[in-house]
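1. Whatever this is, show me its structure:
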Amino acid sequence: MSELWEVDPAGEREARLVSGSAPGDFAPVFTADGSLLFFSERGPHEPQGAALWALSEHGEAERIAHHPGGMTALTAASHASTLAWTAALLRTFSLNCTNL
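-> Numbering: from 1, shown residues only. Predicted coordinates:
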């Protein structure tokens, strides 16, 4: 399991867990405005596959994008409000070729 923590580089505040889910959070990025985005599978009441979440400075994580095949990689522009991510477009199928 992976977790995201806020750590004060000056050492004046205790580190705090800023998100958390049983499957884990991954691929954190900061946007040009300082928002923290990350992928997570949050739980049984959310659609399957990792979704894109945003974490406000003092609030809860909010799902902002989801793709049915899940999302796997993320990048954010450093000086613009632009994001790019990768996601599976088709479901994976298994084919038994022994009877062909």
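2. Show the contacting residues for Gly70.
-> Going by CB atoms under 8 Å, 6 or more residues apart in numbering, Gly70 touches Glu41, Gln48, Gly49, Ala50, Ala51, Ala87, Ala88. Placement of C-beta: from N, CA and C, glycine included.
3. Most neighbours among those residues, which one?
-> Neighbour tally across those (other CB atoms under 10 Å): the maximum, 26 neighbours, falls on Ala50.
4. does it really touch Asp25, like I thought?
-> No. With contacts defined as CB atoms under 8 Å, Ala50 does not count as touching Asp25, sitting 9.0 Å away.
5. Which neighbours do the two have in common?
-> Common neighbours of Ala50 and Asp25, counting by CB under 8 Å, 6+ apart, are Phe39, Ser40.
6. Which members of the contacts of Gly70 occur in strands, if any?
-> When the contacts of Gly70 are checked against strands (DSSP state E), the matches are Ala51, Ala87.
7. can you put the contacts of Gly70 in a markdown table and add pLDDT?
-> Putting these into a markdown table (pLDDT from 0 to 100) gives the following:
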| residue | pLDDT |
| --- | --- |
| Glu41 | 80 |
| Gln48 | 76 |
| Gly49 | 79 |
| Ala50 | 84 |
| Ala51 | 87 |
| Ala87 | 82 |
| Ala88 | 74 |
